[in-house]
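Colleague: Quick one, structure for this:
(chains A and B)
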Amino acid sequence: MPFIDVRNLHHTYALKNGGTVHALKGIDFTVEFGEYIAVLGANGSGKTTLALHMNGILQPGEGKVTVDGWSTADPGAVREVRRRIGMVFQSPDDQLVATVVEEDVAFGPENLGVAEDRLAAVVRDALDRVGMWEHRLRPPDQLSAGQKQRVAIAGALAMNPRCLVLDEATSMLDPAGAREVVGIVEDLHDTGMAVLTVTHKMREAARADRVIVLSGGELVADGPPSWIFEHPDLARWNLRPPPVTVLATRLRPHFPGLPAGLADAEALASSLVTVGQS
Amino acid sequence: MNDPIVEIRNLGHVYMAGTPFARKSLDAVSLAVAEGEFIALIGPTGSGKSTILQHINGIYTPQTGSVRVLGRDLGEPGTDLTLLRREVGLVLQNPEQQVFERYVGDDVSFGPRMSGMSGKELTGRVRWAMDQVGLDFKTYKDRPTFALSGGERRKVGLAGVVALKPRILLLDEPTAGLDPAAHEELLECLARLRLQGTTMIMATHSMDDVAALAERVVVLDKGRAMLDGPVREIFSRADEIRSLGLELPVATAVVHELFGRGIGIRRDVLTLTEAEDAILVALGVRI
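Modeller: Numbering: from 1, shown residues only, chains lettered A, B, ... in the order given. Here you go, the predicted model:
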């Protein structure tokens, strides 16, 4: 049984003017334990709606989402679902609730009823994993945006989830802050955490094992990043290949050995050195 | 430089000066901008990029040093900032938050209306501004602003500033958070405005945007201007750029990575086409 199973998922939003928006139109996919998946799509493609279905914030209009066997539509399973899926959103300011970092991280496990004597250890472990333990007594508003986002991840980790769902978690960070967050997410993945990351950034998607593309509320492609980045329909989905992939594609007629889907400068350079010498 | 349109001399700024939270934001920054230039301000978060933009638009008055814009001394108490801001447009980091009217047309026309324009002249100006940012007048003028996508809202915010035909356009992170297609369209729009002769000063983290648009870069760090020069020259100083925690444009990064692997290759490249040529020459495919 897959860890997350999404079957024929539909979602429709009601608008104030009486109209509706059919945001997800029959999505099917699964996430295995420990997988690292990026979700790509233009604005309005349904990415965020999909993310909000992963831990039951939204309920399927039609179809079903199960997490570790628990249906997100079952009110009795909400706790089990949320314990397994940690969510991290775009704006760090909207997710931090307490006045001190360690209280913020303790908020989730306290609500889950983690015993007081274990709570301190849970919080310490979560803050250690994101490198924020030394900042535990600071108010969140004194942190940089990248640090706030790390605290938000610690808050999710304190629930001991099996999967992190990130919705454009780096889009409001500067490049240094974004690198920090991506580094932490990769470390967590290395220790067995499943990751589902919604992003506009091709370079971040390149680091995933698998990429899912949404377009107009439909799942239009599902495969390795290298295949997605050179997919002929990319422009039709309103996506653009990473610039390094564009350059690699132009160079390939001269260096047929260049692998597909190269997305960062280092990877292209080292492939060129290898291919150029052979 | 003949008659700079913006002239900043030894500008210093301390946030929350005189309180325990005082933090130095600008430290003796000097910068002269000629009419028609496209300048990028780059630097880590907190390096002072936005603070400089906000001085040029008169949101801050100089605490130390001086700021002259279009011949006006912004440190003089009598300077008419309303008039100044008609000629110096500031597009905030999230210009979609500058959109406040119910309909697109009303939002774009707000500035010109406030400056006394009306009738055919006003309609013509709104149509022109929407054209500049790539929003079709007929399609969009009666659209409710709440129904726009993120990229569309940003264009409407930009059109509202452009509608005043500012001589200087200040842009704070104009492409941050946009999806790839919207990003590409916004770059085209800025290139168009630039061709009209508008002086542009853009704060950004996107080095590819800098390589695509700007002719000159000012690198800021901890409130000081560390480097100032032509884009090509500044980015060829890769080690200095990286030591400040900044990235290189993708094309530049690729050739520097090759150089670092012992390949003799020219490193003063900015675009993918230049990188392609440099690589083909360096690897012996082309002479």
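Colleague: Map the structural domains onto the sequence of chain A.
Modeller: Following automatic domain parsing, one finds the domains of chain A at A:30-60+A:76-238, A:242-278.
Colleague: Give me the distance from the shortest one to the chain's centre.
Modeller: It refers to domain A:242-278. 27 Å (Cα atoms, centre = their mean, to the nearest Å).
Colleague: Ok, stretch A:186-193 next?
Modeller: Relative to its chain's centre, stretch A:186-193 lies at 13 Å (Cα atoms, centre = their mean).
Colleague: Of all the domains of chain A, which one is nearest B:E240?
Modeller: Relative to B:E240, the nearest member of the domains of chain A by Cβ to Cβ is domain A:30-60+A:76-238, separated by 16.2 Å. In this view, the C-beta of every residue, glycine as well, is placed from N, C-alpha and C.
Colleague: The closest one and chain B, are they touching?
Modeller: Yes: on the criterion Cβ under 8 Å from any Cβ of the partner chain, domain A:30-60+A:76-238 is in touch with chain B at A:42-44, A:144-145, A:168, A:171-172, A:174-177, A:200, A:202, A:238.
Colleague: So which of those residues belong to helices?
Modeller: When DSSP state H defines the helices, the subset of the residues of domain A:30-60+A:76-238 next to chain B inside them is A:145, A:175-177, A:202.
Colleague: among those residues, who's most crowded?
Modeller: The residue in those with the most neighbours, by other Cβ atoms under 10 Å in any protein chain shown, is A:M202 (24 neighbours).
Colleague: Excluding covalently adjacent residues, which one is nearest to it?
Modeller: A:P242 (4.0 Å; Cβ to Cβ, 6 or more residues apart in numbering or on different chains).
Colleague: what does A:S45 give?
Modeller: A:L214 (4.2 Å).
Colleague: Could you list every helix and strand in contact with the helix or strand hosting that neighbour?
Modeller: Secondary structure from DSSP states H and E places A:L214 in strand A:210-215. Here strand A:210-215 touches strand A:36-40, strand A:218-223, helix A:225-229, going by 3 or more Cβ pairs under 8 Å, 6 or more residues apart in numbering or on different chains; DSSP states H and E.
Colleague: now those as JSON lines including mean neighbour count?
Modeller: Converted to JSON lines, these look like this (neighbours: other Cβ atoms under 10 Å in any protein chain shown):
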{"stretch": "strand A:36-40", "mean neighbour count": "25"}
{"stretch": "strand A:218-223", "mean neighbour count": "16"}
{"stretch": "helix A:225-229", "mean neighbour count": "21"}
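Colleague: Including distance to A:D125, could the ones you listed go into a markdown table?
Modeller: Shown next, in a markdown table, are the helices and strands packed on strand A:210-215 (distance: least, Cβ to Cβ, whole Å):
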| stretch | distance to A:D125 |
| --- | --- |
| strand A:36-40 | 22 |
| strand A:218-223 | 34 |
| helix A:225-229 | 31 |
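Colleague: which residues of the stretch 101-250 of chain A fall in strands?
Modeller: For the stretch 101-250 of chain A, the strands defined by DSSP state E, counting those that start in this stretch cover A:163-167, A:194-198, A:210-215, A:218-223.
Colleague: Would you tell me what helix or strand A:M87 is located in?
Modeller: A:M87 belongs to strand A:85-88 when assigned by DSSP H and E.
Colleague: List the strands paired with that strand, with their directions.
Modeller: Sheet pairing for strand A:85-88, assigned by DSSP bridges, gives strand A:163-167 (parallel).
Colleague: Where does pLDDT dip in chain B?
Modeller: In the predicted model, chain B carries pLDDT under 70 at residues B:1-2, B:95.
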